[in-house]
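Colleague: Prediction below, plus the sequence it came from.
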Amino acid sequence: MIIKVCGMRDAENIREVERLGIDMMGFICWPRSPRYVAEPPAYLPNCPRVGVFVDAPIDFIMQRAKAFGFSHIQLHGSETAAFCHEVRERTGCKVIKAKSIQTPSNSPLKGEDKSLGKESSLPLREGWGGSASLLLFDTQCPTAGGSGRKFSWDVLQGYRGELPFLLSGGIGPEDVGLLRQFRHPKWLGIDINSRFEVEPGIKDVAAISSFVASIRGCNYEL
């Protein structure tokens, strides 16, 4: 199982999390995020690095990909399949396309449009195969991720696309049991972020260490 830790930006914190055997680390390149990283930290991990962007211009993505040495570009906005293809071709990076899911189980956030509580349609045949390598299913929220809120994972049983996916959205230390129960033939791993923080951009290393040990001990049949 892939374990991706997103929202990294502090050099020493990156070193500590890297020692836990994390598979991927995400760096948020969206200026409106509290985890925004304006320039490469003094230390960058040896594991695959993922740059997270929200409707960013291609030139900005290319500049950041080169500066950070990204292996993957995660597109978390309304980007089209054609744009994903252009990003892949011009950066040489693999593309992860994030898809926001809204379900009746979503708890509206303070100041959030209550319409987010309506059921959304899940893409049954996503049509991203020629432009993206992975999908990432996250909870719809005004902050384009990092809300700490879950969506109903049951809705993913309707996913019949060809691309594998990462499960994201409010996964926390207490969710090992739920992850043991979850099954889908295209499920490749998980993305964790805000529920493992002591403050935005700084991860709780002890909490991640315990979580990773529990997850690695699970026998999954993906």
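Modeller: Done, it's in.
Colleague: So A207: helix, strand or coil?
Modeller: The three-state assignment at A207 reads helix, by DSSP: H, G, I helix; E, B strand; the rest coil.
Colleague: Which parts of the chain are helices?
Modeller: For the chain, helices defined by DSSP state H occupy the ranges 11-18, 58-68, 81-91, 176-181, 205-216.
Colleague: what distance separates the start and the end of stretch 159-172?
Modeller: Between the opening and closing residues of stretch 159-172 lies a distance of 23 Å (Cα to Cα, to the nearest Å).
Colleague: again with stretch 46-60
Modeller: Using Cα to Cα, the end-to-end distance of stretch 46-60 comes out at 23 Å.
Colleague: Begin at 770 from now on, thanks
Modeller: In the new numbering, first residue 770, that becomes stretch 815-829.
Colleague: Can you report how many residues neighbour I791?
Modeller: The burial metric for I791, expressed as a neighbour count using other Cβ atoms under 10 Å, is 21. No exception for glycine: its C-beta is placed from N, CA and C like everyone else's.
Colleague: ok, the residue most central in space within the chain - contacts?
Modeller: The centroid of the chain falls nearest to D960 when counting by Cα atoms, centre = their mean (4.8 Å). With contacts taken as Cβ atoms under 8 Å, 6 or more residues apart in numbering, D960 has the following neighbours: K773, V774, C775, G795, L905, D907, L935, L936, S937, I940.
Colleague: Roughly how far does it sit from H854?
Modeller: Spatial separation of D960 from H854 under the definition Cβ to Cβ, to the nearest Å is 23 Å.
Colleague: Just give me the closest of the contacts of D960 to I830.
Modeller: Each of these was scored against I830 by Cβ to Cβ, and G795 proved nearest at 14.3 Å.
Colleague: isn't that closest one right up against V819?
Modeller: Yes: the criterion here is Cβ atoms under 8 Å, and G795 meets it with V819 at 4.3 Å.
Colleague: what residue ranges in this structure score low on pLDDT?
Modeller: Along the chain, the model assigns pLDDT under 70 to residues 872-896, 910-917, 986-991.
Colleague: Parallel or antiparallel, list what pairs with the longest strand along it.
Modeller: What stands out as the longest strand in the chain, according to DSSP state E, is strand 863-870. The pairing partners recorded for strand 863-870 under DSSP bridges are strand 841-844 (parallel), strand 903-908 (parallel).
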